[in-house]
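Novice: When you get a sec, could you give me coordinates for this:
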Amino acid sequence: MTDETVASGPGPRYAALLDLLRTAELIWEGSRVLFARWKLSPSQFNVLNLLREEGASRTQTELGRELLMHRSNLTGLVDRLERRGLVARRADTQDRRAWHVVLTPAGRHLVGEILPHFHAAADAVWGDIPPARIAVVVGELARLGANAARMTAHLRDGHQSDREATSA
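Specialist: This is a model prediction of the structure:
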């Protein structure tokens, strides 16, 4: 980001980013409403959905990375799913500090029940947008995600440099 960019004002990219954030919030709220029927949060469903492949297991660290979730939040999420009998933790045979999370038969059954409703909701969100256009949007979202990751790393590096300068 250059000083010129900052001085020139928000422009169309700012409005587009706000629209994207509003859309994401609306989709997230729709997900909350959809999954409430099964007493799940969208994040809980995401864990179950990641584990639905036959024999799939993920460490809690892997799940956190895939869900962009802090370890402490993921632990509580897995605890709640485990209390409901939807997932189980298995000790890692290679690393005694790590746990693998696996879907139980009850969890697999629940995901199977939810997926048709989830797919129908996804179809409703996309409406009559043709698949070719969806592919373009997905590609552009991937570019935005990569740009956001670079921007975040740049900001973190800058903050780290600021902290180092003030502590010297």
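Novice: drop to CA atoms for contacts and neighbour counts, all remaining ones
Specialist: Noted.
Novice: now the residue nearest the centre of the chain: how far from residue 124?
Specialist: Compute the mean C-alpha point of the chain, and by Cα atoms, centre = their mean the closest residue is residue 67, 3.9 Å away. From residue 67 across to residue 124, the span is 24 Å (Cα to Cα, to the nearest Å).
Novice: Just confirm residue 82 contacts residue 76, I think it does.
Specialist: No: here residue 82 lies out of contact with residue 76, judged by Cα atoms under 8 Å, at a distance of 9.7 Å.
Novice: Who has more neighbours out of these two?
Specialist: Taking neighbours as other Cα atoms under 10 Å, residue 82 and residue 76 compare with residue 82 leading, 18 against 11.
Novice: Surely the more buried one is within a strand?
Specialist: No: when DSSP: H, G, I helix; E, B strand; the rest coil is applied, residue 82 is found to be helix, with no strand at that position.
Novice: Can you report how many residues neighbour the closest residue to it other than its chain neighbours?
Specialist: Nearest in space to residue 82, with sequence neighbours left out and distances taken as Cα to Cα, 6 or more residues apart in numbering, is residue 88 at 5.6 Å. Neighbouring residues of residue 88 were enumerated by other Cα under 10 Å; the total is 19.
Novice: other SSEs contacting the helix or strand hosting residue 88?
Specialist: Under the assignment given by DSSP states H and E, the secondary-structure element containing residue 88 is strand 87-91. The contact analysis (3 or more Cα pairs under 8 Å, 6 or more residues apart in numbering; DSSP states H and E) places strand 87-91 against helix 71-83, strand 99-103.
Novice: For residue 26, give its distance to residue 59.
Specialist: Distance of residue 26 to residue 59, given as Cα to Cα: 30 Å.
Novice: Those two - which one has more neighbours?
Specialist: Under the criterion of other Cα under 10 Å, the comparison of residue 26 against residue 59 puts residue 59 first, with 17 against 12.
Novice: Setting aside sequence neighbours, what's the nearest residue to the more buried one?
Specialist: residue 100 (4.2 Å).
Novice: beta partners for that neighbour?
Specialist: Here residue 100 sits in beta bridges with residue 59, residue 90, going by DSSP bridges.
Novice: mind showing which ranges of this protein have poor pLDDT?
Specialist: Under the criterion of pLDDT under 70, the regions of the chain flagged as low confidence span 1-8, 54-55, 159-168.
Novice: do you know how far residue 127 is from residue 134?
Specialist: 11 Å.
Novice: list the buried ones in stretch 52-65?
Specialist: In terms of neighbour count (16 or more other Cα atoms under 10 Å), stretch 52-65 has its buried residues at 52, 57-61, 63-64.
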